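K.L.:
sharing a model prediction with you, sequence too.
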Amino acid sequence: MNQTLTTNWSGGVSPFGIGHRKLGMWLFILSDSLTFGALLMCYGYVRVASEAWAKPFTFSPSIIFSTVMTFCLLTSSLTMVMAVAASAKGDRPKMVKWIAATMIAGLAFVVLHLIEWNHLIAEGLRPFSVPAEWGENASPMFGATFFAITGLHMLHVLSGVIYLGVTAARKKATHEDVEISGLYWHFVDLVWMFVFPLIYLLSIKY
Amino acid sequence: MESEHITIRTYSLVWLWLIALTAIEVFLGYIHVPLAMMLVSVIGLSIIKAVLIMAYFMHLKFERLSLILTIVPAMVVCILLFLAFFPDGFRAFSLKTFR
């Protein structure tokens, strides 16, 4: 507290103890979690208000497939903390390698996700209609919530991969820059920790 | 920040915990837990996972208290926001007769 405030009403010196860019990323993460929170709230509302909700995901292969996707994202978070740890030691080549590993895991997630989307679209899932085999009165809003939430998340993963690539490629990038890109990456992982159980695990077909 | 460095070992342990909690969630799906019970357990486990990610991977545990007090309540409100309609999910079970 003593370093924080110099005198009363002085406004303090760096009250959060972090740089303005890192604080900016934290605030962005707050606003972005509100975006996802709102989408998940709509999902909850639409699902509760519908007469019936489709449960199209078979345990094998659908759920196993999305579990592998989850594994990719969790592992990419581990490689990202490795990159931040390497950059803290000033080991730039190692940092670049770990970031490359993170980007590969992120891209693997996106590719697997697109394969899954492709399967569902081939089955007949559309933003405002579901295949007839999914149940007579299954709400057509399944597609809207599914594509909107997982699509926005996939967009975040893709922009994260580009962001990490730019950070790794920039010679001028400081340790703080690597840390900030790490914050963003972990946030994308964190969002998936809620999307995966709510969208997939609550719609398993038995 | 300099005073409390997390070791690679801690990061790997946190990662293992995240994998384990995910495995429990998937297992609950596999053994076909009733929907209401499933909802409560996966949300509980996911909140634990979110706390682990924010505390260790995002380093929040080792930041100044003022930052923690800024971020954590906002995140709690955000989680409460998307849980807003879930209690109605339980009420809906008893309303199925109206159609």
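P.N.:
Looks like it came in fine. Numbers count the residues shown, from 1 in each chain, chains lettered A, B, ... in the order given.

K.L.:
excluding covalently adjacent residues, which one is nearest to residue A:114?
P.N.:
residue A:154 (7.8 Å; CB to CB, 6 or more residues apart in numbering or on different chains). From N, CA and C alone the C-beta is placed, and that goes for glycine too.

K.L.:
can you give me the helices for the chain?
P.N.:
Picking chain A for this. A:20-49, A:64-88, A:92-123, A:141-169, A:175-195 (DSSP state H).

K.L.:
hmm, I had chain B in mind actually
P.N.:
Going by DSSP H, chain B shows helices at B:8-30, B:35-52, B:65-82, B:86-93.

K.L.:
who are the packing partners of the last one?
P.N.:
Packed against helix B:86-93, as judged by 3 or more CB pairs under 8 Å, 6 or more residues apart in numbering or on different chains; DSSP states H and E, are the following elements: helix A:20-49, helix B:35-52.

K.L.:
and that helix, how far from the chain's centre?
P.N.:
In this view, helix B:86-93 has its centroid 21 Å away from the chain centroid, taken as CA atoms, centre = their mean, to the nearest Å.

K.L.:
then the first one?
P.N.:
In terms of CA atoms, centre = their mean, the centre of helix B:8-30 is found 12 Å from the chain centre.

K.L.:
now do residue A:137 against chain B, distance only.
P.N.:
For residue A:137, the distance to chain B equals 9 Å [CB to the nearest CB, to the nearest Å].

K.L.:
quick one: contacts for that residue?
P.N.:
A:51, A:52 (CB atoms under 8 Å, 6 or more residues apart in numbering or on different chains).

K.L.:
and if you look at residue B:28?
P.N.:
Residue B:28 neighbours (CB under 8 Å, 6+ apart): A:201, B:38, B:41, B:42.

K.L.:
do residue A:110 as well
P.N.:
Residue A:110 neighbours (CB under 8 Å, 6+ apart): A:154, A:157, A:158, A:161.

K.L.:
burial of the nearest residue to it once chain neighbours are set aside, as a residue count?
P.N.:
Nearest-residue entry for residue A:110: residue A:157, 5.6 Å, with adjacent residues in sequence omitted and distances by CB to CB, 6+ apart. Neighbour count of residue A:157, defined by other CB atoms under 10 Å in any protein chain shown: 21.
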